[in-house]
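*Asks:* coordinates only, sequence not included:
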C-alpha cells in the first residue's frame, strides 16, 4: 500500500469517527441532557448510515434545532462514509492491480534476459549469491518457494537486473520460466544435496553449454554431483573450515578481502577471456596498458592451450585471443575491458 493511500485511508477513518462523535455530542447538547449518551450515539449512527429507523430520541420533534442538526449530520455523515468506503475499495483494487502489474513486469524482464545467472534457492547461502551477483551487475533470476525473501531482495535493489520466480526449482514447469537456454550459469543452492543433484542433471540436459555451480553439504556427495554435470561443487562446511584457518594464520589478508567486498566501489577479482579483438589492445601486457586504460591490475594470465597460470606476469607477457586474465577491478572496469577485447 502506497503512502498516499495510507494517508487517505487514515483521513477517511478519522473524519467518519469525528462525524459520529460530533453527532452524538451534538444531540446530547441540543437535548440538554434529556437523552442518554448511548441513545445519542445510536441516533447518530442510524442517521449517518442512512438506515432510517426513525427518530429514536423521545420528544425529538419538540426540541428546537434537532431536525435541522439531523439534516446537517446526514450530509456530512453520508459524505464521510462514501469517502471512507471509496478509499477501502481503492486500497483493494490498487493493491491487486499493483501486484498484477509487478508480476507482469517481472515476466517481461525475464523474457528479455540473456547471459543471466539462475540462482535456485534464496536461503542463507543463495541470498548471499544473489546479492553478490547484483553488486557486480550480473543479471539474476532467483527461484525459491519463499516469496517474502525474494521480494525483500527486489525492494532492497530496485534498479538491479533482478527478477524472481516463486516456486519449487525442481519443478520442470517452474524452471521453464527462467529462460534457461539463454542463461550463462545456474547456481544450485538448495538445502538438499539430492535436489541440487537433480537440478544439475536437469540443467545439463536442457543446456549443455551452461556453467553449473552446485552447493553440497556432505563432502561424500561432491564427486557424485560433479559427475552428474556440475562444473564446480562448493561445500560450505569445507569453505568454512578454510576460513577459520585463514582467520587464525592470515587475519590481515582475510580482513583486506572482506573490506574489499564491502567497499562501495565494489572491487572484485574477476576473470576476463580475451576475444578476437585482443590484438587491438596490443601484443603484450605492456602495449595493452591495462592499468593506464582501465585502472585494473593483472594478477595472473593463462594462455588458451595452457593449463598452468602465470602469476604476477611480466609486462613483456604476450597476450592474444583465448587468453584468460585474472584482474582486480570494479565491475565497470571489467565490463569495459571485456567490451574492447571481445
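*Replies:* On my side now, so go ahead. Since we're looking at a predicted model, the values are computed, not measured. Numbering: from 1, shown residues only.
*Asks:* Can you show me the helices along the stretch 151-300 of the chain?
*Replies:* Secondary structure of the stretch 151-300 of the chain (DSSP state H, counting those that start in this stretch): helices at 172-176, 193-206, 222-227, 236-249, 251-262, 278-281, 285-288, 290-294.
*Asks:* same thing with the stretch 1-150 of the chain?
*Replies:* Secondary structure of the stretch 1-150 of the chain (DSSP H, counting those that start in this stretch): helices located at 3-30, 37-48, 66-112, 124-135, 147-156.
*Asks:* The fourth one to helix 236-249, inter-axis angle?
*Replies:* Calculated by axes from the mean of the first three to the mean of the last three Cα atoms, to 10 degrees, helix 124-135 forms an angle of 70 degrees with helix 236-249.
*Asks:* How about the last one?
*Replies:* Counting by the same axes, to 10 degrees, helix 147-156 points 50 degrees away from the direction of helix 236-249.
*Asks:* What of the second one?
*Replies:* Relative orientation of helix 37-48 with respect to helix 236-249: 120 degrees, computed using the same axes, to 10 degrees.
*Asks:* what angle sits between helix 37-48 and helix 3-30?
*Replies:* Helix 37-48 and helix 3-30 meet at an angle of 130 degrees, taking the same axes, to 10 degrees as the criterion.
*Asks:* List the contacts of helix 37-48.
*Replies:* Helix 37-48 has contacts (Cβ atoms under 8 Å, 6 or more residues apart in numbering) with 16, 19-20, 23-25, 27-28, 31, 35, 51-53, 55-57, 60, 70, 73-74, 76-78, 80-81. Where you see a C-beta, it was placed from the backbone N, CA and C, and this is true even at glycine.
*Asks:* one more time with 10 Å, if that's ok
*Replies:* 16, 19-31, 33, 35-36, 51-58, 60, 66, 69-71, 73-81 (Cβ atoms under 10 Å, 6 or more residues apart in numbering).
*Asks:* which of the residues you listed are buried?
*Replies:* Buried members of the contacts of helix 37-48, scored by 16 or more other Cβ atoms under 10 Å, are 16, 19-20, 23-24, 26-28, 30-31, 35, 57, 60, 66, 69-70, 73, 76-77, 80-81.
*Asks:* Nearest to residue 239, out of the helices of the stretch 1-150 of the chain?
*Replies:* Comparing these against residue 239 with Cβ to Cβ, the closest turns out to be helix 124-135 (10.3 Å).
*Asks:* Tell me the spacing between the closest residue in space to residue 217 that isn't next to it in sequence and residue 121.
*Replies:* In space, and not counting its chain neighbours, residue 217 is closest to residue 193: 5.6 Å by Cβ to Cβ, 6 or more residues apart in numbering. As judged by Cβ to Cβ, to the nearest Å, residue 193 and residue 121 stand 12 Å apart.
*Asks:* Any idea which residue is closest to the centre of this protein?
*Replies:* Nearest to the mean C-alpha position of the chain, by Cα atoms, centre = their mean, lies residue 154 at 1.9 Å.
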